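> build me a model from this:
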Amino acid sequence: MAAQFVGAVAPGAAGYMPVLIIANSLTTTKPQDCSPGSALCPHFLSAWAGLGMLCLYAAVVLGIGAWLLARRDA
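Numbers count the residues shown, from 1 in each chain. As a prediction, this is how the structure comes out:
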């Protein structure tokens, strides 16, 4: 059941994974197009949107780390 859920969600969420953002949004020199009707081809973010998502991930992790440090440290 869980594997079917992951398989159904993976193509839509793949464009937001940090490794795929770097590989497909920040390192390409031209946009990657998928052939029409290709079910396994995720739609990747543009270069600026990918960079923004990576900055958002970093800000969230730093915020959680600061909160945990303030909560646990006396």
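
> show the subsequent helix or strand relative to the one helix or strand in the chain whose mean pLDDT sits lowest.
Lowest mean confidence among the helices and strands of the chain (mean pLDDT, DSSP states H and E): helix 2-13, at a mean of 71. Using DSSP states H and E, the helix or strand that directly follows helix 2-13 along the chain is helix 18-21.

> would you indicate which residues of that next one are buried?
Residues of helix 18-21 classed as buried by neighbour count (16 or more other C-beta atoms under 10 Å): 20-21. No exception for glycine: its C-beta is placed from N, CA and C like everyone else's.

> may I have it as CSV, with CA atoms only?
The C-alpha coordinates for helix 18-21 follow below in CSV (Å, rounded to 0.1, in the frame of the first residue of the first chain):
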residue,chain,number,x,y,z
PRO,A,18,16.9,19.0,-3.8
VAL,A,19,19.1,16.6,-5.8
LEU,A,20,16.8,16.9,-8.8
ILE,A,21,16.6,20.7,-8.5
